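*Asks:* Please find the sequence and the predicted model below.
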Amino acid sequence: MSSSESLFTRARRLIPGGVNSPVRAFRSVGGAPFFTVRAEGATLETADGRELIDFVCTWGPAIHGHNHPAIREAVRDALDRGTSFGTPNPLEVEMAETIVAMVPSIEKVRMCNSGTEATMSCIRLARGFTGRDKIVKFSGCYHGHVDSLLIKAGSGALTLGHPDSAGIPASFAQETIVLPFNDPDALDAAFAEFGERIAGLILEPYPANVGLILPKPGFLQHVREVCSRHGAVLIFDEVMTGFRVAPGGVQERENIRPDLTALGKIIGGGLPVGAFGGRAEIMDRLAPLGPVYQAGTLSGNPLAMAAGLAALKLLRELDPYARLDAMGRKIKAALDEGAMLRGIPLQTPQVGSMFSFYFSEAPVVDYATATASDSTRFKDVFHTCLQDGVYLPPSAFEACFISTAHEGAAIDRACEVLSKAIRLL
Ligand SMILES: *Cc1c(COP(=O)(O)O)cnc(C)c1O
């Protein structure tokens, strides 16, 4: 078996940057990525024969830990019957029934193959439903690599967005309004100016792609009210939070009904799956019933449905949320203790099995406060932890995830390692 180093050399010759998704290249922490040859429970086994306690959890999906036997069995069972049919299959119906039973606001749902497809389709549906063009998003909320959503704030007060990637026409960006999270006044001002032209507003209700940011009390309710008042479609991107913070995601915890919800990650049980759903009146505008086109050769794939259904069934049977939260609070306490002993300011947002830490004096409430934190210190902690067998996301601005498989020895060891890494700064 080749080592990570030689695999990365081969990869860089043929794959841009050597990776199939940029953050995996370790650019923001420095050094070269390791390659994984096997994953089991809370642990990754690298091509170099190391075992690492994993807090990336394949960027969110692995809430039951890696290679869970029930999910593996479900995929194996489906595999015996064929990998793809191109016709409707019974597992899609079971999946739709499961999602509608678990996610409070979803009356109808369609499956797709990634979170990006889910948010892209929600945006198109909001536009098709309202006959309006503009979309509102928040700085620091990531919704996949959809052209209309890969937009950053422009300069000046109420200016429209700028492309956040080469290859996105400025004219697309002009249809996206980018606002700071947790700022009701900015939201009111944008709707006062553009309200009649806004098709929808999309947000991560607990933003988890610049680290973890929690909404201020009342902010999500305010967003709901403003959208209702102006006839804009409210889209919750729960690709990350869906099934992770509660069976029904943030909308269940916070008791808010969005009009549409984008799902992904956990819903695929480790296979490539996305889904979007919501009010039947809006969903029925999709083809073949309505004029909004959306499709997918492999959508509702039987292997993917089997894996996802097994993952969701485990959540319903085990109801692991209290256990996951207890582990989250343990980690938070270890981080806080390390920071206190070292005498440095640290923000440690945590909700259930999601957490992050920012070297910052000020509370982190939005993109500006998150990115003002000291990411150099994060790099040092990242590398110390990696040396000590704990794998954190290779960027200061990614959330960490805990799985049920971390319970016991893995979480205790990780607490020691994290706390020590901070004390050593
Ligand atoms: C991961 C993520 C996406 C994109 O999902 P992909 O499956 O990577 O396309 C969209 N929104 C949020 C909130 C995410 O965390």
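*Replies:* Cool, the structure landed.
*Asks:* Smallest distance to the ligand belongs to which residue of the chain?
*Replies:* Closest residue of the chain to the ligand, C-beta to the nearest ligand atom: Gly115 (2.2 Å). For glycine as for every other residue, the C-beta is placed from the backbone atoms N, C-alpha and C.
*Asks:* ok, that residue touching Lys265?
*Replies:* Yes: under the criterion of C-beta atoms under 8 Å, Gly115 makes contact with Lys265 at 6.5 Å.
*Asks:* and the two? which has more neighbours close in?
*Replies:* Gly115 (31 against 27; other C-beta atoms under 10 Å).
*Asks:* Could you check how far that one is from Arg323?
*Replies:* Distance check for Gly115 against Arg323: by C-beta to C-beta, to the nearest Å, it reads 26 Å.
*Asks:* Leaving out sequence neighbours, find the closest residue to the spatially most central residue of the chain.
*Replies:* Residue closest to the average C-alpha location in the chain (C-alpha atoms, centre = their mean): Met240, at 2.9 Å. Nearest residue to Met240, sequence neighbours excluded (C-beta to C-beta, 6 or more residues apart in numbering): Ala208, at 4.7 Å.
*Asks:* Where does the prediction get shaky in the stretch 1-150 of the chain?
*Replies:* Applying pLDDT under 70 to the stretch 1-150 of the chain flags the ranges 1.
*Asks:* Got the domain ranges for this protein?
*Replies:* 21-67+319-423, 69-317 (automatic domain parsing).
*Asks:* Would you mind putting the ones you listed into JSON lines with distance to Phe8 alongside?
*Replies:* Below are those laid out as JSON lines (distance: least, C-beta to C-beta, whole Å):
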{"stretch": "domain 21-67+319-423", "distance to Phe8": "5"}
{"stretch": "domain 69-317", "distance to Phe8": "23"}
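*Asks:* Please name whichever of those domains is nearest to Arg10.
*Replies:* domain 21-67+319-423 (10.3 Å; C-beta to C-beta).
*Asks:* List, one by one, the residues from the stretch 51-200 of the chain near the ligand.
*Replies:* Contacts of the stretch 51-200 of the chain with the ligand, taken as C-beta under 6 Å from any ligand atom, map to Ser114, Gly115, Thr116, Thr119, Tyr142, His143, Gly144.
*Asks:* try it again with 5 Å
*Replies:* Residues of the stretch 51-200 of the chain found near the ligand (C-beta under 5 Å from any ligand atom) are Ser114, Gly115, Thr116, His143, Gly144.
*Asks:* Those residues: which two are farthest apart?
*Replies:* Most distant of those, by C-beta to C-beta, are Ser114 and His143, 11.4 Å apart.
*Asks:* more crowded one of these two?
*Replies:* Counting neighbours by other C-beta under 10 Å for Ser114 and for His143 shows that His143 has the greater number, 27 against 18.
*Asks:* secondary structure class for that one?
*Replies:* Under the three-state scheme (DSSP: H, G, I helix; E, B strand; the rest coil), His143 adopts coil.
*Asks:* My guess is it contacts Asp237. True?
*Replies:* Yes: between His143 and Asp237 there is a contact under C-beta under 8 Å: 5.2 Å.
*Asks:* any idea which element Lys137 lies in?
*Replies:* For Lys137, the host element (DSSP states H and E) is strand 134-138.
*Asks:* Please apply the same query to Thr116.
*Replies:* Assigned by DSSP H and E, Thr116 falls in helix 115-130.
*Asks:* which intervals of the stretch 151-300 of the chain have sub-threshold pLDDT?
*Replies:* Ranges of the stretch 151-300 of the chain meeting pLDDT under 70: 155-159.
*Asks:* any chance you could map the strands in it?
*Replies:* Using DSSP state E, counting those that start in this stretch, the strands of the stretch 151-300 of the chain run over 151-152, 162-163, 176-179, 198-203, 233-237, 260-264, 274-278.
*Asks:* Give me the angle between the longest one and helix 115-130.
*Replies:* Between strand 198-203 and helix 115-130, the angle comes out at 150 degrees (axes from the mean of the first three to the mean of the last three C-alpha atoms, to 10 degrees).
*Asks:* Pull the CA coordinates from strand 198-203 and hand them back as CSV.
*Replies:* C-alpha atoms of strand 198-203 as CSV (Å, rounded to 0.1, in the frame of the first residue of the first chain):
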residue,chain,number,x,y,z
ILE,A,198,-37.4,39.1,-3.7
ALA,A,199,-38.3,35.5,-4.6
GLY,A,200,-36.8,33.9,-1.6
LEU,A,201,-34.4,34.0,1.3
ILE,A,202,-32.0,31.1,2.0
LEU,A,203,-30.1,30.6,5.2
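*Asks:* How about residues contacting stretch 183-200?
*Replies:* 122-123, 126-127, 129-136, 157-158, 177, 179-180, 218-219, 222-223, 226-227, 229-230, 232-235, 259-260, 366 (C-beta atoms under 8 Å, 6 or more residues apart in numbering).
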